[in-house]
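J.: one predicted model, sequence on top.
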Amino acid sequence: MRRRGLKRTHVALFVGALSFTTAVGARPGGGQAYRGGSSRSSGSSSHYSPSSGSSRSYGPSGGGGDVDSGLVLELLLLCFRYPPLGLLVVGGVVGFVILNRRRTRGLSDWSVGGMPARVEATTRTTSARRELTRLVESDPGFSLVLFEDFAYALYAELEMKRPGGELQRLAAFLSPPVMELLHDPKLERVDGVVIGAMRYVAVDHGSERTAVTLELEANLSEVRAGVVQRFYVCDRLVLTRARTARSRPPGRKRKLDCPNCGAPLEGMRGTTCGYCRQEVGGGRLDWQVERIERLTTEQRPPDILSDAAESGNQLPTLVAPGAEQRMSQLLARDPASDPAALSARVAFVFNALQFGWSNRDLARIRPFVTDGLFQYFGYWIDVYTTVRARNITENARILNIELADVVADAVYDAVTVRLFAVSVDYTLSDDGKVLSGSRERERHYSEYWTLVRGRGAQGRPRTEPVCPACGAPLDIGMAGNCGYCHARIVSGEFDWVLSRIEQDEAYG
Amino acid sequence: MSERPFLEAAAKERTSAAVRRIEAQTAVEVVVAVRRRAARYLTTSIAFGAACAALAFAVMWFSPRVYDVRTMPLDAALTLVVGAVAATALPGLRRLLTPKATLERRAQRAAQEAFSELGIAKTRGRTGLLVYVALFERAAVLVPDSGIPAALVTGSLASIGRALTGAVAALDIDAFLAALAELGPAAAGVLPRRADDENELCDDVA
């Protein structure tokens, strides 16, 4: 009852204030009465009709008679002329504001459930990924970074080898049921395999075999009866390996060759290597794809012109358990790679990527990304070049960097950060027409970046365009070798290089 | 009628307890978000201010009193400001002036945005369910994730949604919680809680 009464008071105050001008203007003994009634009699010069609007203007130079300034203006003037009225009006307004604030004090929006701003990721993905690192107990040379590179490479190869009889070359890495499932005689060609994300579903350390279940999202093109179709697919793979198997040395991990002798796969005869004559299949020496399941297939052409809104920016940052602690351990081994230095390296790589991407210049990107990521950029720059357009990011700048994960194994250190950035983003045709995006509106976005560096490397991450091996001006060939010292700098053996970029909604 | 019962601490605690009881029965992860308003409706306030300004101008123009034509536009502009401020300061007036369809549409849109912001989709089986309450709009919107069967969405959830909206329209927190509790048995029949279910979206008040 009390609150209803207050509300009525609020309304009454407001209505009353508005009507004051009329009341006071017509107040008994008011100015017009003092000046006489002639100014109010009809037919006199002071009575105006709407059609003679211009003659309403008296102004200071006009002949006598009362002229009001306006309804609200008169009220304001009256507040000054009659202070008690002014105080009443001001008091009413202030009182309303104070009462309103008191009424709503402590009352705010709320929710039950949902994700906090930053969560320790206990999702199955991070747990499974962490579980896989336990493999170092039986295989000291195991590296998660190299395993992921291998998985990327194997997946891309098995997709591209599906047509014809080419799958036979991968017999060392595919179980017979998988080879049978993948074989598609009507498929003429598969290319443009671009892997967007890889997630760990489960890891099982059995007594005899280790099984890793992965989900990979990719775009690829299939050619059937001369017709090219692009698909977005999500596949679930189960990779298994005998517990007695040992990881490949770093240089070989990226190549798919005989798990025993390293000979090219062209020499394979079934699961027997034509060079070393060893039986190398069945996951005995290296990972094999024991099962594969296609979860989703959507037909989606290379979408370079849509202006889809960024999604996932508002999601909390997924932080792996113990990430801060592992960062401390990394710093203990290499104090020069402190968060500020790493952030500077991220920013340096970020700027190089923006330039290279906007100018379709792969050479600018090559020194700072691993082979797998270089393929990704290469593919999309090729798409843009084919359609005679380029995607331009201008005024790109990093707003914030948050640590998400740190992984260390025998071979590599890997640091994953969430990068928040903003830029103008638009696609421009070669003849200067804006095809999508906006040249004016800035776009906020965030991504998870994983940088890797060899365990043997130390020292402050570089932020100058020089070879990390010899210090010469950066001149890197497409294979990732320095033009001066020929060191392969994109494998992370000398400095932090970008290994993965994952979108918010795909990470974790 | 006051919105206070929906915004007080007791409402939060009772809702949190209700969500726990629901999730004890079903695999559905329920998130309840209560917002004082889904949108600002500045257009309504400005439109009201403009109407007041037009009325004031007409009064001045046709009134037998004499008004200075040079200050009439200024006065009309001031009336616009006063009217707009009044509509902004008086929620009841603003709600009265806003079409019902607009209120519903804004509540739906805000619910979809909250679904993303609150991370409802981050569940293993995509079984999140957002109950979005917009008090100014007097609306309750249910936004189910893709893992909740369509039969449940079009059947029980639809009727529970109507009951929730009715409770919010009446600003009756008890009726709201009673309707919310119906989610448990309704969802349990289709998505019962499994032994290995984790609480993936925390049930604490934020």
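T.: Cool, the structure landed.
J.: what residues of stretch A:236-251 count as buried?
T.: Buried residues in stretch A:236-251, counting neighbours by 16 or more other C-beta atoms under 10 Å in any protein chain shown, are found at A:L237, A:V238, A:L239, A:T240, A:R241, A:A242, A:A245, A:S247, A:R248, A:P250. Where you see a C-beta, it was placed from the backbone N, CA and C, and this is true even at glycine.
J.: try stretch A:68-83
T.: Buried, per 16+ other C-beta under 10 Å, within stretch A:68-83: A:D68, A:S69, A:G70, A:L71, A:V72, A:L73, A:E74, A:L75, A:L76, A:L77, A:L78, A:C79.
J.: check stretch B:160-176 too.
T.: Neighbour-count burial for stretch B:160-176 [16+ other C-beta under 10 Å]: B:I160, B:G161, B:A163, B:L164, B:T165, B:A167, B:V168, B:L171, B:D172, B:I173, B:A175, B:F176.
J.: what about the strands in the chain?
T.: Went with chain A since none was named. In chain A, the strands defined using DSSP state E lie at A:110-112, A:118-120, A:189-205, A:209-224, A:227-242, A:268-269, A:272-273, A:288-299, A:317-319, A:389-408, A:412-429, A:434-454, A:497-503.
J.: ah, no, chain B please
T.: Counting by DSSP E, the strands of chain B are B:29-35, B:128-134, B:139-144.
J.: and the contacts of the last one?
T.: When contacts are defined by C-beta atoms under 8 Å, 6 or more residues apart in numbering or on different chains, strand B:139-144 is touched by residues B:38, B:103-104, B:107-108, B:111-112, B:114-115, B:120, B:128-134, B:152-153, B:157, B:160-161, B:164-165, B:167-169, B:176.
J.: do that again at 6 Å, thanks
T.: B:107-108, B:111, B:115, B:129-133, B:153, B:157, B:161, B:164-165, B:168 (C-beta atoms under 6 Å, 6 or more residues apart in numbering or on different chains).
J.: ditto for stretch A:389-397
T.: If you take C-beta under 6 Å, 6+ apart as the criterion, stretch A:389-397 is touched by A:Q354, A:S358, A:R360, A:Y384, A:S423, A:V424, A:D425, A:Y426, A:T427, A:L428, A:S429, A:L435.
J.: what number of residues lie near the last one?
T.: So the one you mean is A:L435. 15 (other C-beta atoms under 10 Å in any protein chain shown).
J.: ok, now the first one?
T.: By other C-beta under 10 Å, the residues close to A:Q354 number 20.
J.: quick revisit: how about the strands of chain B in a markdown table, adding mean neighbour count and mean pLDDT?
T.: Putting the strands of chain B into a markdown table (neighbours: other C-beta atoms under 10 Å in any protein chain shown; pLDDT from 0 to 100) gives the following:
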| stretch | mean neighbour count | mean pLDDT |
| --- | --- | --- |
| strand B:29-35 | 26 | 92 |
| strand B:128-134 | 27 | 93 |
| strand B:139-144 | 23 | 93 |
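J.: quick one: which of these is nearest A:G483?
T.: strand B:128-134 (53.0 Å; C-beta to C-beta).
J.: give the contact list for B:A76.
T.: B:A53, B:A56, B:F57.
J.: who are the contact partners of A:L256?
T.: A:L256 touches A:E157, counting by C-beta under 6 Å, 6+ apart.
J.: which secondary structure element of the chain has the lowest mean pLDDT?
T.: If you meant another chain, say so; for now it's chain A. Ranked by mean pLDDT, DSSP states H and E, the weakest helix or strand in chain A is helix A:31-34, scoring a mean of 25.
J.: correction: the question concerned chain B.
T.: Sorting the helices and strands of chain B by mean pLDDT, DSSP H and E puts helix B:150-152 at the bottom, at a mean of 78.
J.: and the gap between A:V72 and chain B?
T.: Distance, A:V72 to chain B, using C-beta to the nearest C-beta, to the nearest Å: 4 Å.
J.: one step back: spatially, which two of the buried residues of stretch B:160-176 are the most separated?
T.: Maximum distance among these (C-beta to C-beta): 18.3 Å, for B:I160 and B:L171.
J.: which one among the buried residues of stretch B:160-176 gets closest to A:G106?
T.: Distances from A:G106 to those, taken by C-beta to C-beta, are shortest for B:I173, at 16.3 Å.
J.: state the pLDDT value of the closest one.
T.: The model reports B:I173 with a pLDDT of 94.
J.: what stretches of chain B score poorly on pLDDT?
T.: Counting by pLDDT under 70, chain B has low-confidence residues at B:122, B:124, B:195-206.
J.: domain assignment for the chain?
T.: No chain in the question, so chain A it is. For chain A, automatic domain parsing gives the domain ranges A:1-31+A:67-100, A:120-303, A:315-508.
J.: looking at chain B here, not the other one
T.: Using automatic domain parsing, the domain parsing of chain B gives B:4-39+B:99-188, B:42-97.
J.: out of those domains, the one nearest A:D109 is which?
T.: Of the domains of chain B, nearest to A:D109 by C-beta to C-beta is domain B:4-39+B:99-188, at 4.7 Å.
J.: A:E180: neighbour count?
T.: Other residues within reach of A:E180 by the criterion other C-beta under 10 Å amount to 10.
J.: let me know the pLDDT of it.
T.: pLDDT at A:E180 comes out at 90.
J.: before we move on, the earlier item: quick one: closest of the domains of chain A to A:G113.
T.: When the domains of chain A are ranked by proximity to A:G113 (C-beta to C-beta), domain A:315-508 comes first, at 13.1 Å.
J.: so how far is the closest one from its chain's centroid?
T.: The chain centre lies 13 Å from the centre of domain A:315-508; the measure is C-alpha atoms, centre = their mean, to the nearest Å.
J.: excluding sequence neighbours, find me the nearest residue to the residue of chain A found nearest chain B.
T.: For chain A and chain B, the shortest gap (C-beta to the nearest C-beta) falls at A:G70, measuring 2.4 Å. The shortest distance from A:G70 to any non-neighbouring residue, by C-beta to C-beta, 6 or more residues apart in numbering or on different chains, is to B:D75 (2.4 Å).
J.: and that neighbour, what is it in contact with?
T.: A:G70, A:L71, A:V72, A:L73.
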